[in-house]
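Trainee: Pasting a predicted model and its sequence here:
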Amino acid sequence: MATIKWSVDPTHSEVQFKVKHLMITTVTGYFQNFHVEAETSDEQFTSAEQVVFTADVNSINTNNDQRDTHLKSADFFDAENHGEIRFEGTSYTHTGDDDYELQGNLTIRGITKPVTVKVEFGGIVVDPYGQTKAGFTINGKISRKEFGLTWNAVTEAGSVVVSDEIKLQAEIQLVKQN
């Protein structure tokens, strides 16, 4: 059986992360440059033989240049030495209705750990230009410290500045390749 190849439609996709700041508010950031490729055995995404996601660390954007520069530094992502975040799927499991779990290996700062994210399959459509597209909503969370992102500070009152838990959110639209 032939596999179907899919690539991200970057103009209709976004990858965000959310982290608590001072444990009282949430800061949202996103990657402006990322890529997703997938291979399936059918157009309905009942299985995924391969899923690969990469993000350019230098494209991080939190709407604050000073914070973005700090996130790219050795205190956090160390973009000079580790310019790419990479996720390679290892299994894609149906959990009910349009819900799936995608398991894989996430690499940040040269550290690879297994991660599971929840995937909601939005369906398949053919757009006005004849392209077959598939949509997904993805949610998960990771511990940043497990990936060597350990920088933190403590306020006078004893609160941490940045939480360990990072929430991951993505809206991904894939285009079937010919």
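Mentor: Great, that's in hand.
Trainee: residue boundaries of the helices in the chain?
Mentor: 65-72 (DSSP state H).
Trainee: any weak-confidence spans in it?
Mentor: 1, 153-161 (pLDDT under 70).
Trainee: wait, what's in contact with residue 139?
Mentor: Taking C-beta atoms under 8 Å, 6 or more residues apart in numbering, we find residue 139 in contact with 117, 118, 167, 168, 169, 170. Heads up, the C-betas are built off the backbone N, CA and C, glycines and all.
Trainee: What are the neighbouring residues in contact with the third one?
Mentor: I take that to be residue 167. Counting by C-beta under 8 Å, 6+ apart, residue 167 touches 17, 18, 19, 139, 140, 141.
Trainee: rerun at 6 Å
Mentor: The contact partners of residue 167, by C-beta atoms under 6 Å, 6 or more residues apart in numbering, come to 18, 141.
Trainee: Any idea what it is bridged to?
Mentor: Counting by DSSP bridges, residue 167 forms beta bridges with residue 18, residue 141.
Trainee: Distance of it relative to residue 20?
Mentor: Distance from residue 167 to residue 20, counting by C-beta to C-beta, to the nearest Å: 9 Å.
Trainee: re the thing from before, and which of the contacts of residue 139 is nearest to residue 97?
Mentor: Residue 97 has its nearest neighbour among the contacts of residue 139 in residue 118, at 12.1 Å by C-beta to C-beta.
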